[in-house]
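Asker: Pasted the sequence and its predicted model underneath.
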Amino acid sequence: MVFDFVTVTPDVVYKKLAALNGMKATGVDNIPPRLVKADAAQLSEPIATLFNMSVTQAVFPDMLKRADVWHLFKKGDVSNVCNYRPVSILLCLSKIFEGILIDRLHSYLNRSCVHKYQVLGKGSAVKRC
């Protein structure tokens, strides 16, 4: 079975946009997620077009590769760099693209059973395909 990327529809993009957490941090584009979520109906078609062009041309826009990286303190001594973890603040569009790709790849892997074992989630057993 070969992975074949199906064209993304505005409806798929709309569902992803509507599911955005509007309270998340703003990325380097300074566009708040709540604004993107509020305008999901108007943005879904142009974003779907951009995403489909990106896939067919095998080019991911450079702007969508950018992120702000913050060092978040975990616990312990604040002067020890090992007590921090990096957190990347991505652009909303990057999150949408990533979510759609993950959904498509996950669907393909489940259909084709390429992987021998599938972990069902935290605290669950491992299931054979």
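Answerer: Ah, there it is.

Asker: low-scoring stretches of the protein, by residue?
Answerer: Applying pLDDT under 70 to the chain flags the ranges 1, 113-129.

Asker: mind listing what the closest residue to Arg66 other than its chain neighbours touches?
Answerer: Leaving aside its sequence neighbours, Arg66 sits nearest to Val28 (CB to CB, 6 or more residues apart in numbering; 5.0 Å). Using the backbone N, CA and C atoms, a C-beta is placed for each residue, glycine as well. For Val28, the contacting residues are Arg66, Ala67, Asp68, Ile89, Leu91, by CB atoms under 8 Å, 6 or more residues apart in numbering.

Asker: Out of those, which comes closest to Ser107?
Answerer: Closest to Ser107 out of those is Leu91 (24.3 Å), distances taken as CB to CB.

Asker: my guess is that closest one contacts Ile31, does it?
Answerer: Yes. The pair Leu91 / Ile31 is scored as a contact, 7.5 Å apart, by CB atoms under 8 Å.

Asker: So these two - more neighbours on which side?
Answerer: Neighbour tally, Leu91 and Ile31, criterion other CB atoms under 10 Å: the higher count belongs to Leu91, 23 against 13.

Asker: for that one, what are its contacts?
Answerer: Counting by CB under 8 Å, 6+ apart, Leu91 touches Gly27, Val28, Asp29, Ile31, Met63, Leu64, Arg66, Ala67.

Asker: The residue nearest to the first one when sequence neighbours are not counted and Cys82, how far apart?
Answerer: So the one you mean is Gly27. Of all residues not flanking Gly27 in the chain, Leu91 sits nearest, at 3.9 Å (CB to CB, 6+ apart). Shown here: Leu91 relative to Cys82, a distance of 29 Å by CB to CB, to the nearest Å.

Asker: now the strands for this protein?
Answerer: 67-73, 84-90, 117-119, 126-128 (DSSP state E).

Asker: The second one - which strands sit beside it in the sheet, and in what orientation?
Answerer: Based on DSSP bridges, the strands next to strand 84-90 in the sheet, each with its direction, are strand 67-73 (antiparallel).
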